[in-house]
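Engineer: The amino acid sequence is not available; the structure is as follows:
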């Protein structure tokens, strides 16, 4: 029996034959990303159901020098959760069977969940306890908590609540040697040395496998006020953001922007999506206020700010959601962008963030840079403008993409053109998606030698054999 078959047989004995997938028919959904852009071979897919089983898998792989690829809901946009095309096939460790909510402590505003829990399930469980887990994104119905932790996911709630890193109190992690670190503390203050959880949040599984987390909860907002409006331009959108921040403070919970092309694609490609306004405008913004009390006051403040913005010539048109159903319909537009873009063509998704004040300049410069390379190319823009994270997406039709002599080279070049503009404005090429495979050249280009050396020294200390998700994160 060769080494690969021996390892598979051992894992089957440890986890059960049904929890180790081997055939192409069984593994295909795990070895290819959801947009069908990345695919690579795997020795097998292991589906552990406990932390101890994860540890057994990792220990067995470490003993045999076989790479381990941690995987959550496989919703990555940068190829971070599927095998590479070349190199020895890894063992994929998918945590979808680890989906227990171990504890909810409303008095402490915390909950302990396993890494395979779907984000929406966690949100719903928190809401049942009259609490809010505020990380929210378009893939929340399929992404897993472990994946959001490993990539430090952002989403639409960052403006008010911060990103994933800001909503974690503790972690449980299986380390590259198979040992288990139990750091599931539910404390907000603990000064006993280095805060180890932050090594693993955003590390994309390169330092260990997150198996559970203690999450921070917040009071559940019971009242919302939402509007969809058309700013006269991007600069006007920022001025209106300032008006809302001044009038509402922390009650401002979302401020999302998209250009007309993005809205058009959502309407075209996703059933039952419509323009909330009477006409199409160059820019559209979704704004939401939320609180635990004062429903009428929220609506009044929302209306007053919009009226002021219209008087100042900052807003061309607006509509206020008059019911929960209308509010849900507006959010559905925002959360449909990935589905719409996938159906339309090959979108070269970028994940840039710049200082909020630099958003207009970034969009202008990135547009000029892309059109200098490909005049007239369709550009899709959607983003969390309240925190400066703009997804600037050069879009090719499927036919145009196939006609390119070297599509991979074009994709890298176009993304780099956009990232250069963000970097020149003090920004970053990855705000919430992670690095994965697509971001490796940019890591090498933009990170200083000191930063890369520090990260590599941590990797070397924890994973000297480079078996945890190799070929990702670190160039």
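Structural biologist: Received it, and whenever you're ready, just let me know what you need. Just so you know, these numbers come straight off a predicted model, no measurement behind them.

Engineer: Can you pull the poorly scored residue ranges out of the chain?
Structural biologist: 1 (pLDDT under 70).

Engineer: Got the domain ranges for it?
Structural biologist: Listed domain ranges for the chain are 3-94, 101-219, 223-338, 345-446 (source: automatic domain parsing).

Engineer: so what's the residue nearest to residue 131 when sequence neighbours are not counted up against?
Structural biologist: Closest residue to residue 131 apart from its sequence neighbours, by Cβ to Cβ, 6 or more residues apart in numbering: residue 217 at 4.0 Å. In short, each C-beta sits where N, CA and C put it, glycine included. Residues near residue 217 by Cβ atoms under 8 Å, 6 or more residues apart in numbering: 106, 109-111, 126, 129, 131-133.

Engineer: Out of those residues, which end up buried?
Structural biologist: 109-111, 126, 131-133 (16 or more other Cβ atoms under 10 Å).

Engineer: Greatest separation within those: which pair is it?
Structural biologist: 110 and 132 (12.3 Å; Cβ to Cβ).

Engineer: of the contacts of residue 217, closest to residue 406?
Structural biologist: Looking across these and measuring by Cβ to Cβ, the closest to residue 406 is residue 133, at 43.4 Å.

Engineer: Backbone dihedrals for residue 324, please?
Structural biologist: Residue 324 adopts backbone torsions of phi -60, psi -30, taken as degrees, to the nearest 10.

Engineer: just the strands in the stretch 351-475 of the chain please.
Structural biologist: 352-353, 378-384, 389-396 (DSSP state E, counting those that start in this stretch).

Engineer: Quick one: these as a markdown table, columns for mean neighbour count and distance to residue 150 too.
Structural biologist: As requested, the strands of the stretch 351-475 of the chain are arranged in a markdown table below (neighbours: other Cβ atoms under 10 Å; distance: least, Cβ to Cβ, whole Å):
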| stretch | mean neighbour count | distance to residue 150 |
| --- | --- | --- |
| strand 352-353 | 26 | 19 |
| strand 378-384 | 22 | 20 |
| strand 389-396 | 25 | 18 |
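
Engineer: Among these, which comes closest to residue 441?
Structural biologist: strand 352-353 (15.2 Å).

Engineer: Go ahead and flag the most central residue of this structure.
Structural biologist: Closest to where the C-alpha atoms of the chain average out (Cα atoms, centre = their mean) is residue 153, at 4.0 Å.

Engineer: Excluding sequence neighbours, find me the nearest residue to residue 407.
Structural biologist: Nearest one to residue 407, counting by Cβ to Cβ, 6+ apart, is residue 401 at 5.7 Å.

Engineer: oh sorry, the question was meant for residue 285
Structural biologist: residue 257 (4.9 Å).

Engineer: Confirm for me that the one you found is in contact with residue 283.
Structural biologist: Yes: contact criterion Cβ atoms under 8 Å: residue 257 and residue 283 qualify, at 6.4 Å.

Engineer: Just the endpoints, please. Distance across stretch 12-29?
Structural biologist: Counting by Cα to Cα, to the nearest Å, you get 20 Å between the two ends of stretch 12-29.

Engineer: And for stretch 378-393?
Structural biologist: Termini of stretch 378-393 sit 8 Å apart (Cα to Cα).

Engineer: in stretch 159-168, what's buried?
Structural biologist: So for stretch 159-168, counting by 16+ other Cβ under 10 Å, buried means 159-161, 163-164, 167-168.

Engineer: hmm, who's touching that stretch?
Structural biologist: Contacts of stretch 159-168 (Cβ under 8 Å, 6+ apart): 133-135, 148-149, 151-155, 197-198, 201-202, 213-216, 218, 250, 252-255, 290, 384, 386-387, 432.

Engineer: who has more neighbours, residue 257 and residue 283?
Structural biologist: Neighbours were tallied for residue 257 and for residue 283 using other Cβ atoms under 10 Å; the higher tally belongs to residue 257 (25 against 22).

Engineer: Tell me which other helices or strands the host helix or strand of the more buried one touches.
Structural biologist: Here residue 257 sits within strand 252-259, counting by DSSP states H and E. Strand 252-259 sits against helix 158-161, helix 234-248, strand 283-291, strand 378-384, with contacts defined as 3 or more Cβ pairs under 8 Å, 6 or more residues apart in numbering; DSSP states H and E.

Engineer: Residue 333 should be in a helix, yeah?
Structural biologist: Yes: residue state for residue 333 (DSSP: H, G, I helix; E, B strand; the rest coil) corresponds to a helix.

Engineer: would you list the strands of the stretch 351-475 of the chain in a markdown table and tack on distance to residue 314?
Structural biologist: Listed next are the strands of the stretch 351-475 of the chain as a markdown table, based on distance: least, Cβ to Cβ, whole Å:
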| stretch | distance to residue 314 |
| --- | --- |
| strand 352-353 | 24 |
| strand 378-384 | 19 |
| strand 389-396 | 19 |
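
Engineer: can you map out the strands along the stretch 151-300 of the chain?
Structural biologist: Counting by DSSP E, counting those that start in this stretch, the strands of the stretch 151-300 of the chain are 168-174, 180-183, 209-216, 218-219, 223-231, 252-259, 283-291.
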